[in-house]
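Visitor: Quick one: sequence and predicted model below, then my questions.
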Amino acid sequence: MKTYLYKKAISQWQDRLSISDWNITTERIDANQIEYNGEDYFIGISRNFDEKTAVIHHDIDLNDEAIVHELLHVRYPNKNEEEIVAITSHVLDPFVNWDCELKTAKSMAQKIVKVVYAEDNYYDAYEKVQEIIEKELNIKKL
């Protein structure tokens, strides 16, 4: 059951981190396989950049923070551990993400109001509003 949950979480975070073209799996390892060097647990990732595959190795249950952290090693392979830790905190901070979404929504709303007041023709206003939404959210019409 946990494997299914890990796959689902990994897939969702891969999409958010723009690394969905990678095949990323998990492998639970035995504590006897690890030299802990003062650590209480082990979570790490092995990556193959040529084949775009990676395995998250772990001896404890994974959570979103651990998954995001390891996936960031794929997304930013040249960042050091300290930088990855900082990025992980930033990515997982709901207030940072919410604030960015709020700023995008506010920007869109301001542009839409200007268009609606400037246009006499409803159809032209509708088309321009659609363009603003597509541009701001980077999506296409359905």
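Guide: The structure has been received and is ready for your questions.

Visitor: Mind checking what secondary structure I45 has?
Guide: The local conformation at I45, judged by DSSP: H, G, I helix; E, B strand; the rest coil, is strand.

Visitor: quick one: it and V115, what's the gap?
Guide: To V115, I45 is 46 Å away according to CB to CB, to the nearest Å. For the C-beta atoms, the positions are set from N, CA and C on the backbone; glycine is no exception.

Visitor: for Y76, what are its contacts?
Guide: E83, I84, I87 (CB atoms under 8 Å, 6 or more residues apart in numbering).

Visitor: The second one is in what secondary structure piece?
Guide: I84 is part of helix 81-92, with elements assigned from DSSP states H and E.

Visitor: per-residue confidence averaged over that helix?
Guide: In this model, helix 81-92 carries a mean pLDDT of 89.

Visitor: Helices of the protein, start to end?
Guide: 2-17, 64-75, 81-92, 94-118, 122-137 (DSSP state H).

Visitor: CA atoms of the first one as CSV?
Guide: In this case it means helix 2-17. Extracted in CSV, the C-alpha atoms of helix 2-17 (Å, rounded to 0.1, in the frame of the first residue of the first chain):
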residue,chain,number,x,y,z
LYS,A,2,2.8,2.5,0.9
THR,A,3,4.4,1.8,-2.5
TYR,A,4,1.2,3.0,-4.2
LEU,A,5,1.1,6.1,-2.1
TYR,A,6,4.8,6.8,-2.8
LYS,A,7,4.2,6.5,-6.5
LYS,A,8,1.2,8.8,-6.4
ALA,A,9,3.1,11.5,-4.3
ILE,A,10,6.2,11.2,-6.5
SER,A,11,4.1,11.6,-9.7
GLN,A,12,2.3,14.7,-8.3
TRP,A,13,5.5,16.3,-7.2
GLN,A,14,7.3,15.4,-10.5
ASP,A,15,4.5,17.4,-12.3
ARG,A,16,4.9,20.3,-10.0
LEU,A,17,8.7,20.3,-10.3
